[in-house]
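Q: let me see the structure of the following:
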Amino acid sequence: MTVEYSLADAEHLPYVRHGLLDVHLDVHTQSGPSDAENHFEARLQTAAAHPGWTTAIGYQAGRAVGYCHGFSLPADTDWWSNVIVPLPEYVTRESGRRTAVLSEIVVRKPWRGTGVAAQLHDIWLSLRPEERVTLLVDSTIGGGALQRVCEKWGYRSVANHRAPGDPTVYTAMIRPVHRP
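A: Below you'll find the model as predicted:
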């Protein structure tokens, strides 16, 4: 069976929320809905409230098998304020149309390694109007495998990033939205 893909924006979130939540709970919890559901709902609502929020979702036989989502960085963002070593202004300057943030990409286990994640990523990027996209990677995941996948997709590390109160140091990565 083939995976079919669709895109949605914040206006259509009520129609796709259940599929996103179903995938999230399948991947991130072993015991079913609980605080994980509430935490995900809060994060999803926060992300979807940002300008330019969109999601790409993969379905097989009507069941969501993976998704990715993100939004546009506003001109007054504090996104770059949590980098450990400050970056030059030409890297951190935002206009509200310069940078998209890939917030999350999640694929159910049976579909990992099949190209679904790459397809979701490419479909999500295909309609982004920004010139570049950024994401944060926990480079300890899979012994660095996740970061290597991002590098294969064209992302390059620009800084280490740590949010207040979060002990995890992430790698901030950037790539052009549309590669030559």
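Q: the closest residue to residue 155 other than its chain neighbours: neighbour count?
A: Taking Cβ to Cβ, 6 or more residues apart in numbering, and ignoring the residues beside it in sequence, residue 155 has residue 173 as its nearest neighbour in space, at 3.8 Å. Where C-beta positions appear, they are placed from N, C-alpha and C, glycine not excepted. For residue 173, the neighbour count with other Cβ atoms under 10 Å is 23.
Q: ok, now residue 22?
A: 16.
Q: pLDDT score for it?
A: pLDDT, residue 22: 92.
Q: grab the nearest non-local neighbour of residue 164.
A: Nearest non-adjacent residue to residue 164 (Cβ to Cβ, 6+ apart): residue 82, at 7.2 Å.
Q: which residues does the lowest-mean-pLDDT helix or strand in the chain contact?
A: Least confident helix or strand, the chain: helix 35-48 with a mean of 84, by mean pLDDT, DSSP states H and E. Contacts of helix 35-48 with the rest of the structure, by Cβ atoms under 8 Å, 6 or more residues apart in numbering, involve 10, 13, 17, 20-21, 24-25, 28-29, 53, 69-71, 103-104.
Q: out of the residues you listed, which comes closest to residue 93?
A: Using Cβ to Cβ, residue 71 is the member of the contacts of helix 35-48 that lies nearest residue 93, at 17.9 Å.
Q: the host helix or strand of the closest one pairs with which strands?
A: Residue 71 belongs to strand 63-72 when assigned by DSSP states H and E. Here strand 63-72 has these sheet partners by DSSP bridges: strand 54-60 (antiparallel), strand 99-107 (antiparallel).
Q: show me where the chain dips below the pLDDT cut-off.
A: 1, 30-36, 180 (pLDDT under 70).
Q: sorry, back to before: how about the contacts made by the residue nearest to residue 164?
A: Applying Cβ under 8 Å, 6+ apart, the residues contacting residue 82 are 161, 162, 163, 164.
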